[in-house]
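J.: no sequence on this one, just coordinates:
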């Protein structure tokens, strides 16, 4: 059975049986453990090729891969070694569109901490523990103030607040300057990570760490990819991925 048959008949059907990301991640770990490095690299190539057509099952697979790579520190050492081998194989094969999934280049823009020293005249003097407690309140005025908090721990809690709305998160994700760890928290939040408008917002912000924005570029629609391709403020690799996905 060739790689295309394996992908279509053995791999994709398993991802159709559930919508749970945790289950999809489990399947990815099984695939990486089961097949040799060269086969996995070719499977990844097929995933990306079918994601270009916005094929739903391949999008599920890509999202699971992205989530694993963004939390690679949680994986077992042997699994991490396998990931490194796949990366090296992609380089050997000249698969720049696969290599890009694994890289973590420095951002093109980095926020100056001095810009956030007095983000709120009163709240910046309150302890971290108190602000984390405030983030749980259903008080819209407090939520709006805490959206300017530069601390990832506060933002992580705030993102779960039921009185926080999509527009709030889009504004937070689009804000410039912004801290990379804060932008990472937006995508790591299970409440917001599948929101396509938010994904696009994170990709379009040059302050988003490239380790995240490069990966999310694979999930964009063609109209969004065109905007990314023409945005000279973004990391060159992001634009390269957009160019490939538009072919």
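T.: Arrived safely, thanks for sending. All figures in this text were calculated on a predicted structure; none of them were measured in a lab.
J.: Contacts only, for the spatially most central residue of the chain.
T.: In the chain, the residue lying closest to the centroid (C-alpha atoms, centre = their mean) is residue 212, at 4.4 Å. With contact set as C-beta atoms under 8 Å, 6 or more residues apart in numbering, residue 212 has these partners: 70, 183, 184, 187, 202. All C-beta atoms are positioned from the backbone trio N, CA, C, and that covers glycine.
J.: List of residues touching stretch 150-165?
T.: Counting by C-beta under 8 Å, 6+ apart, 113, 116, 119, 128, 131-132, 135-140, 143, 146-147, 149, 169, 172, 179, 181-182, 184-186, 188-189, 191-192 sit against stretch 150-165.
J.: Pull out the buried members of these.
T.: By neighbour count, with 16 or more other C-beta atoms under 10 Å, the contacts of stretch 150-165 hold 116, 131-132, 135, 143, 146-147, 149, 169, 172, 179, 182, 184-186, 188-189, 192 as buried.
J.: Now do the end-to-end distance for stretch 128-148.
T.: By C-alpha to C-alpha, to the nearest Å, the extent of stretch 128-148 from end to end equals 14 Å.
J.: coming back round to it: quick check: pLDDT value at the residue nearest to the centre of the chain.
T.: Note for residue 212: predicted pLDDT of 98.
J.: for residue 17, same thing?
T.: 87.
J.: Can you get me a residue count around residue 156?
T.: 18 (other C-beta atoms under 10 Å).
J.: now swap in residue 233 and tell me
T.: Here the count is done by other C-beta under 10 Å, and residue 233 has 11 residues near it.
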